[in-house]
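J.: Got a sequence here, can you build the structure:
(one chain, ligands or ions: 1)
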Amino acid sequence: MPDYKLTYFDVDGGRAEAVRIAFHVAGITFEDKRISYQEFGEIFPTMRFHSVPVLEIDGAQVTQSNAQCRYIGKMAGLYPTDDLQALYCDEVLGAIEDLTHYIVQTFGLQDEELLLARQGLVDGWLPIFLTGLDGLLTRGGGEYFADNQLTVADITSSVVVSWLCAGQLDHVPADIVQKLAPGLFEHQKRIAADPRIVAYYASRVA
Ligand SMILES: N[C@@H](CCC(=O)N[C@@H](CS)C(=O)NCC(=O)O)C(=O)O
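T.: Next up is the predicted model:
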């Protein structure tokens, strides 16, 4: 088995979270290297695209969280073997990445500028992506996005939806998902209760 090291911020969320969960579900030991924002400021030039998560496989860097998700997800049985179902899974991963990108663009803004940017999200990209993802869930049958079973798409969506519902984003109502995409809201609660996800978080506090 190769030596795996995943470097990301010290948060139980964000772009590395589904990769960490997939490692756990696969039963693969990896170094969960959690860095502070200050450490990131010191080491980011050593990273290929100056960003995290970075997965090192026997010391060789691989970037891009969705690529990492697919790679570890396959070993964990969390990625469809059927090409069409894999496409459905990838569509969700890509949409979540786009949505995250739009949200992150508002980070670091202050006061009136932040208010306007967040209002723009609430009136624009958030409803577009939340209702779009709700539709993709319906396409998958309502319970999962693809393959009629848990995949990295469900986990990635659950991580972002839980973040949106936590009320951590100023000027974004914490009930926005519940109001605009009730199916997606229920999906998040169901995925968080999946025994594999519960076991991962139990292992975090153990
Ligand atoms: N598409 C990349 C995006 C990576 C990315 O933007 N990561 C953020 C953290 S979630 C980052 O490192 N930001 C540092 C910065 O913007 O300076 C991926 O999915 O891995």
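J.: residues near the residue of the chain found nearest the ligand, how many?
T.: Going by CB to the nearest ligand atom, the ligand is nearest to Ser51 of the chain, at 3.1 Å. For glycine as for every other residue, the C-beta is placed from the backbone atoms N, C-alpha and C. Ser51 has 14 neighbouring residues, counting by other CB atoms under 10 Å.
J.: Tell me the secondary structure at it.
T.: Three-state call for Ser51 (DSSP: H, G, I helix; E, B strand; the rest coil): coil.
J.: ok, it - contacts?
T.: 44, 63 (CB atoms under 8 Å, 6 or more residues apart in numbering).
J.: how close does it sit to Phe44?
T.: Noted for Ser51: a distance of 7 Å to Phe44, by CB to CB, to the nearest Å.
J.: again with Glu143
T.: For Glu143, the distance to Phe44 - CB to CB - is 39 Å.
J.: what does Ala67 give?
T.: Taken as CB to CB, the span from Ala67 to Phe44 is 19 Å.
J.: which parts of this protein sit against the ligand?
T.: Proximity of the chain to the ligand (CB under 6 Å from any ligand atom) is limited to residues 14-15, 51-53, 63-66, 97.
J.: Using TSV, lay out those residues together with distance to Gln168 and pLDDT.
T.: What follows is those, written out as TSV (distance: CB to CB, whole Å; pLDDT from 0 to 100):
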residue	distance to Gln168	pLDDT
Gly14	12	98
Arg15	16	98
Ser51	21	98
Val52	19	98
Pro53	20	98
Thr63	25	98
Gln64	25	98
Ser65	19	98
Asn66	23	98
Glu97	19	98
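J.: when you check those residues against the strands, which ones overlap?
T.: Residues from these lying in strands, with DSSP state E as the criterion: none.
J.: out of those, which are buried?
T.: 14-15, 52-53, 64-66 (16 or more other CB atoms under 10 Å).
J.: In what element of secondary structure is the closest residue in space to Arg196 that isn't next to it in sequence found?
T.: Counting by CB to CB, 6 or more residues apart in numbering, Arg196 lies nearest to Val25, which is 5.0 Å off, once chain neighbours are set aside. Assessed by DSSP states H and E, Val25 sits inside helix 17-26.
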